[in-house]
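# I would like to see how this sequence folds:
(one chain, ligands or ions: 1)
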Amino acid sequence: MVYQFEDLKKACPEEWRDYIEHSFVTQLGDATLAANAFQHYLKQDYLFLIQFARAFALAAYKSPTLADLRQAKDGMQAILDTELGLHIDFCKDWGISEDELANLPEARATLAYTRYVLDTGNRGDLLDLHVALSPCMVGYGEIANWLNHRSETIRGESNPYDAWIAMYESDEFQEAMHAEIRWLDDRLAEVSPSRFEQLTRIFRDATRLEIDFWEMGLTLSD
Ligand SMILES: Cc1ncc(CO)c(N)n1
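Now for the predicted structure:
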């Protein structure tokens, strides 16, 4: 059996679907999402992205080759130079200042997800870490594409969340998603069934934590 990234999704189809097709996502697509839910999500996602930049720094530390090191650097750079910059502008549009962002307490769902990824990377190897990062890297690109195929989705100025969908359907994000899938496909092709079993557990847990992150937004929980 030669494993691929797709097999991780197939190993936990319910969790993956509950993440991609979550009510937060469908409401964002059909413009019915409450503004305060989106604002709460945006604030926590700022904190999330900072911890994810640290996870890519950990990936750099865990990299045995120059190619892996460069890949980790690209991931960290994409977050620090592109995504966080866009995110701060985005928060400003939604009435959240940089000052407010700098002083936010972390919600439990943010703590749980980000520290789970960092811990998985710390105790495991580079492949464990990338598998823990993959629901994030791949999921949001898939969500943007899924929303675009859905007839209920409203695009353009009549949807206040249109820019969010646009960010994740951008060539830049889609290319990062495909690069991550390629990297994982290469590594997964060489793992044993028992190793794949371990990796599936990490993938499922990270996907469940993505579901909790959406729930945190919808329920405004801290
Ligand atoms: C919670 C979460 N998952 C994935 C992404 C995609 O980068 C994000 N910004 N936030």
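# report the central residue of this protein.
The centroid of the chain falls nearest to residue 136 when counting by C-alpha atoms, centre = their mean (2.0 Å).
# so which bits of this protein are right by the ligand?
With C-beta under 6 Å from any ligand atom as the criterion, the chain meets the ligand at residues 45, 48, 49, 136, 140, 210, 213. (C-beta placed from N, C-alpha, C; glycine too.)
# give me that answer again for 5 Å
45, 48, 136, 140, 213 (C-beta under 5 Å from any ligand atom).
# average pLDDT for the host helix or strand of the second one?
Using DSSP states H and E, residue 48 sits within helix 35-61. Model confidence over helix 35-61 averages 97 on the pLDDT scale.
# now swap in stretch 110-117 and tell me
The model assigns stretch 110-117 a mean pLDDT of 98.
# tell me which residues of it come out buried.
110, 112, 113, 114, 116, 117 (16 or more other C-beta atoms under 10 Å).
# again with stretch 201-210
Neighbour count says stretch 201-210 has 202, 203, 204, 205, 206, 207, 208, 209, 210 buried, by 16+ other C-beta under 10 Å.
# below-threshold pLDDT in this protein: ranges please.
For the chain, applying pLDDT under 70 flags no range at all.
# for it, what spans make up the strands?
For the chain, strands defined by DSSP state E do not occur.
# can you give me the helices for it?
For the chain, the helices defined by DSSP state H occupy 5-11, 13-20, 23-29, 35-61, 66-77, 84-93, 98-102, 108-123, 126-149, 162-169, 171-188, 193-219.
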